[in-house]
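J.: below are the sequence and a predicted model; questions follow.
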Amino acid sequence: MLLSGFGFHLVEFGHLAAYLALVVALIQGLSPLAARLLHRPELTRINFHASIAMFVLTTIGAATLIHAFVTGNYSVQYVASNSNSHLPIFYKVAALWGSHEGSLYLWVWVLTLFTMVVAFHGRRRYPDRLPMVLAVQGLLMVGFFGLILFLSNPFLRLFPVPADGRDLNPLLQDPGMVFHPPMLYLGYVGFSVPFAFAMTALITRWKSEFWIVHIRRWALIAWGFLTTGILLGGWWAYYELGWGGYWAWDPVENASFMPWLVGTALVHSITVQERRRMLHAWNLFLVITAFSLSLLGTFLVRSGVLSSVHAFAVDPGRGAYILAFMVTVLTVSFGIFLARGGFQESEEGMSSVLSRESLFVWNNVIFTVAAACVLLGTLYPLALDALSGGQDKITVGAPYFNAVMVPIFLMVLLLMAVAPMVPWRKANTERLRRRLLVPVSLAVVAGSIMLIAAWPMHWTAPVASALIAFVTGTIAMDYARAVRQRRQQHATETLWRALWRTLSFNRRHWGGMVVHLGIAIIAIGLTGSGVFRQEKAVVMVPGEIVEVGGERLRFDGVRSFVRDNYQAIQGQFTLLNKNVLVLPERRRYPVQDMPTTESGIHSTLWRDVYVVLAEPAAGNGVMKWGVHVYVNPLVQWIWGGGMVILLGLFLTLSMRRRERATSPAAVIAEAR
Amino acid sequence: MKYCMWALVLMSMAPNLLAAQNGLDSVQEDPLDRQVLEIAKDLRCAVCQNQPVAESNADLAKDMRKVIREQLQAGKTREQIVDYFVARYGDYVLMKPPADRAGLPLWLAPPLVLAVLAVGGWLFMRRRTRQTATPAPVLSEEDRARVRAARNQQES
């Protein structure tokens, strides 16, 4: 009682576990070196157990932090800054990754989880290289635990203990925000596994035929999580931020988009290496780049460098550490790559400039350009500001990225439409022309219909709709041909069975095609909402009606209510042509005294009516409200396309062992 | 301030006869408001993180919207208003970086990177295809005659 502030708390146990984890990570990271120096190879055997210990220790740390959040232990500084007794329990748990310290901890927690999974996966399959793979992961953990324990420690205690916490940032008190960061981090950290393999391969001269199959799955999984994370982020921004859009090309968004672009290039070029034994060195480069950009993404968001270059200097220790860690990882990994990257010499030649593999190369060119452009647009203003000492400042906003990236995406669509029709090795131009005839005609028809129906409009609309029709056309034709072939061979099968069997016997290919279809669906949503959005900003008195894009919306007044963690003013609108209520809110979270908006959205497959209650304005004794109404066509297709992408990804990943063994690389890997 | 707000809210909930009378006509957007918003979309709210003036609730953004409105009312054109803000805040205030001065590299780089990588990719593939193409065997005069004969036969 006397020393209640100093009483033993569970969280100290977690703190101790985190320190132990740092020690274990050091052992795990250095064991191959020790084994070599002491000529005792058996020393590396410890890494398998170390990776399990790492996960257990880090989980203990996380569990004690969550316990501190749930029980409201405000003697923990991080809990006091990011929680409050009125916070619903759901958000108390999620508050673990609500701010800087905790999200780094989440990062390293996921890293230990993935490392343990690799340890179990590799114990029988590649026991000789496993210690090195785990050691690379271990060194990354050392880097992160060093940052966590010495510069941004979530376990720090506070004295005197405050009566209550300062609450979680209201913008984060939303289900979308609960799942968005973990998904992104699962993606970011997922790329650390291919990275560890690549480093191991370079250091121990491990031929990529033996490991490319394993990292393909990891790259796909990481890519899937990243895609989910990005889409969840867009979805959250859409209904929470209240400006009618879902993607603002904000540096924070770009930070997650860059690894996605390089990851997309990677999952394609891995296929070329597996099938045609090419691009070994390029794949290593992509693996290293994808992970470096994941690190960069984490640090851009987490170092405060984005809000201002000078915020970096406010906390010099943390900024310098982060910069030094990045520079070390980049120098070491690219250094090793440059020194050893040439050892993969068994490249096969290309048979023709027009072949599936050559189109994969073009895919890589375009995605690399896209990533480079986003990188430049994100870092250039920071660099300019820092180098000119704050003299020269520019903004690189959404108009720039739209101007640069839209043409690149259209090229991606074009490639996506043509490539699946082109066979490996060498394309027969005559046959290709025949195969493309129907999809191209579809494209022309779709583009012309768009031109006639919606004239005048931005040039991207007809081009995009033509390309989307082209993509779906080729996928449909490809599938139809495969089904027809199967029915000729298995005449007794019913149509439905043939449809399913065709998919199921080549899950790898059709999974990819389903993902492409998902991208086309997203492209429909992006085109619809990007080009044909209609909006009105009006001032309304209850009873008045506003008409936007054929939707009639009546303002019925506002009501107010109080919840545990916020007070709200809710606007009551009736969408007259559907006879449904639309209820946008303005909320105020008293602890942080921060206003937020909740958009009122009525969605159908074809359009969203999106209502934002803006500011009140008194006039002539009547309460008037600013109201923003947006009609966003086809937005739901974006989220739907995301679902289709995940479906395709599951199909690809559910590939059977027998099927897996058909690629040359897989045969070699399985034969060992 | 807070109580004032709630009082206003309560007032607004009282039925409004005036509005009910012409409830069937839709509210029109003030064209000036639209013009202000269209200009404010391309200007950055200087104190926000990468947010245009049109979408920001910061006090500075409100002030900037007011300035835009006043200048529009004074008969200034869009260009003049944008120039006014650039003169005060520098290029920083433009959401789209200018294609000269400090913004130039941003506009040059994308086509340049595309060109370099495209040429690189093309050369890489050219080299790879040459490597595999087995050199055409040297035919004797006798063999060549046979090939010619076969071709002629097919064509006729």
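T.: Perfect, I can see it now.
J.: can you give me the strands for the chain?
T.: Using chain A here. Ranges of strands in chain A, per DSSP state E, are A:534-540, A:545-548, A:551-562, A:567-575, A:580-582, A:585-589, A:594-598, A:600-603, A:607-619, A:622-633.
J.: chain B was what I was after
T.: Counting by DSSP E, chain B has these strands, from start to end: B:26-27.
J.: domain map for chain B?
T.: Domains of chain B are assigned by automatic domain parsing as B:30-96, B:97-130.
J.: same list (those domains) but as CSV, adding mean pLDDT.
T.: Shown next, in CSV, are these (pLDDT from 0 to 100):
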stretch, mean pLDDT
domain B:30-96, 88
domain B:97-130, 89
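J.: and the lengthiest helix in chain B, which residues are buried?
T.: In chain B, with assignment by DSSP state H, the single longest helix is helix B:104-132. Residues of helix B:104-132 classed as buried by neighbour count (16 or more other Cβ atoms under 10 Å in any protein chain shown): B:106-107, B:109-110, B:113-114, B:117, B:121, B:124-125, B:128-129. C-betas here are computed from N, CA, C, even on glycine.
J.: so what's the gap between it and the chain middle?
T.: Here the centre of helix B:104-132 is set off from its chain's centre by 25 Å, with Cα atoms, centre = their mean, to the nearest Å.
J.: is it anywhere near chain A?
T.: Yes: shown here: helix B:104-132 in contact with chain A (Cβ under 8 Å from any Cβ of the partner chain) through B:105-106, B:109-110, B:113-114, B:117-118, B:120-121, B:124-126, B:128-129, B:131-132.
J.: give me the packing partners of that helix, helices and strands only.
T.: Under the contact criterion of 3 or more Cβ pairs under 8 Å, 6 or more residues apart in numbering or on different chains; DSSP states H and E, helix B:104-132 touches helix A:356-387, helix A:398-418.
J.: right, and residue A:362 touches residue A:414 too?
T.: No: Residue A:362 is beyond contact range of residue A:414, at 9.8 Å (criterion: Cβ atoms under 8 Å).
J.: tell me the pLDDT of residue 4.
T.: Using chain A. Note on residue A:4: pLDDT of 45.
J.: you looked at the wrong chain, it should be chain B
T.: 48.
J.: on that earlier part again, report the angle between the longest helix of chain B and helix A:398-418.
T.: Orientation check (axes from the mean of the first three to the mean of the last three Cα atoms, to 10 degrees): helix B:104-132 against helix A:398-418 gives 20 degrees.
J.: could you find the closest non-adjacent residue to residue A:292?
T.: residue A:330 (5.7 Å; Cβ to Cβ, 6 or more residues apart in numbering or on different chains).
J.: oh, I was asking about residue A:417
T.: residue A:470 (3.9 Å).
J.: for residue B:99, same thing?
T.: Per Cβ to Cβ, 6+ apart, closest to residue B:99 is residue B:107, 4.9 Å.
J.: for residue A:17, see how far away the spatially most central residue of chain B is.
T.: Centroid-nearest residue in chain B, with Cα atoms, centre = their mean: residue B:96, separated by 7.6 Å. Separation of residue B:96 from residue A:17 (Cβ to Cβ, to the nearest Å): 50 Å.
J.: give me whichever of the strands of chain A is most buried.
T.: Scoring those by mean neighbour count under mean count of other Cβ atoms under 10 Å in any protein chain shown gives strand A:622-633 as the most buried, with a mean of 22.
J.: about what we covered before: tell me which of the domains of chain B sits most buried.
T.: domain B:30-96 (a mean of 17).
J.: first-to-last residue distance for that domain?
T.: 26 Å (Cα to Cα, to the nearest Å).
J.: give me every residue that touches residue 139.
T.: Reading this off chain A. By Cβ atoms under 8 Å, 6 or more residues apart in numbering or on different chains, the contact set of residue A:139 is A:25, A:29.
J.: chain B is the one I meant
T.: residue B:147.
J.: let's see 10 Å
T.: B:145-147 (Cβ atoms under 10 Å, 6 or more residues apart in numbering or on different chains).
J.: returning to that earlier point: which of the strands of chain A sits closest to chain B?
T.: Across the strands of chain A, chain B has its closest neighbour in strand A:622-633 (2.9 Å, Cβ to the nearest Cβ).
J.: pLDDT of the closest one, averaged?
T.: 89.
J.: just checking: what are the partner strands of that strand?
T.: strand A:534-540 (antiparallel), strand A:607-619 (antiparallel) (DSSP bridges).
J.: between strand A:567-575 and the last one, find me the angle.
T.: The one in question is strand A:607-619. Interaxial angle, strand A:607-619 versus strand A:567-575 (the same axes, to 10 degrees): 120 degrees.
J.: equivalent analysis for the first one, please.
T.: Taking the same axes, to 10 degrees, one finds strand A:534-540 and strand A:567-575 inclined to each other by 110 degrees.
J.: alpha carbons of strand A:534-540, as CSV, please.
T.: The C-alpha atoms that make up strand A:534-540 are tabulated as CSV, following Å, rounded to 0.1, in the frame of the first residue of the first chain:
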residue,chain,number,x,y,z
GLN,A,534,-20.3,14.2,-58.8
GLU,A,535,-20.4,16.4,-55.8
LYS,A,536,-22.2,19.3,-54.3
ALA,A,537,-21.4,21.4,-51.3
VAL,A,538,-24.5,23.2,-50.1
VAL,A,539,-25.9,24.8,-47.0
MET,A,540,-29.2,23.3,-45.9
